[in-house]
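Chemist: Predicted coordinates and the sequence they were generated for:
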Amino acid sequence: MIFPQDLKAPPPQPVEDLCRFDTKSREVSIAGTTRGIENLKDCIGLDQVWVSKVKQGEFERIAQYINPASLVVYDMRVQDLSPLEQMSRIERLALTWNTKASHISSLAKLRSLTVLSLM
């Protein structure tokens, strides 16, 4: 299967501080070093989100504020994927280089999911 281009495209540079981020933006790239994660709550129009180099606590914080149509996660060190269950809009999901995940049963609750990439 060939995946949609947005799941294969290189992510934009991660935002360093979300306090200075345009809340009307439709896409964002976040890293484990990104500051001001709580400001994501004001970004209600996010359709595309890239997340990289996050641990469990960071992933849980990010997940409570986003509900994108497309989520690309790279180099995540997360065992529990259940925070994804909150994201009812996810249609496209790519999880790459997460060697800590012990199971993917949480993905079954993503009813809008049409494209899944696990690498």
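Modeler: Received it, and whenever you're ready, just let me know what you need.
Chemist: residues contacting the closest residue to Pro14 other than its chain neighbours?
Modeler: Distances taken as CB to CB, 6 or more residues apart in numbering place Ala31 nearest to Pro14, at 3.7 Å, with adjacent residues excluded. Heads up, the C-betas are built off the backbone N, CA and C, glycines and all. Ala31 makes contact with Pro14, Val51, Ser52, Lys53, Val54 under the criterion CB atoms under 8 Å, 6 or more residues apart in numbering.
Chemist: Quick one: the helices in this structure, in order.
Modeler: 5-8, 56-63 (DSSP state H).
Chemist: In terms of mean pLDDT, which of these ranks lowest?
Modeler: Lowest mean pLDDT within the helices of the chain: helix 5-8, at a mean of 56.
Chemist: So which residue is dead centre in this protein?
Modeler: By CA atoms, centre = their mean, the chain has its centre lying nearest to Leu71, at 4.3 Å.
Chemist: right, and it touches Glu91 too?
Modeler: No. When contacts are counted by CB atoms under 8 Å, Leu71 is not listed as touching Glu91 (9.3 Å).
Chemist: ok, how many other residues are close to Ser117?
Modeler: 15 (other CB atoms under 10 Å).
Chemist: What score does it have for pLDDT?
Modeler: Predicted confidence (pLDDT) for Ser117: 91.
Chemist: that older thread, how close does the residue nearest to Pro14 get to Gln79?
Modeler: Per CB to CB, to the nearest Å, Ala31 is found 19 Å from Gln79.
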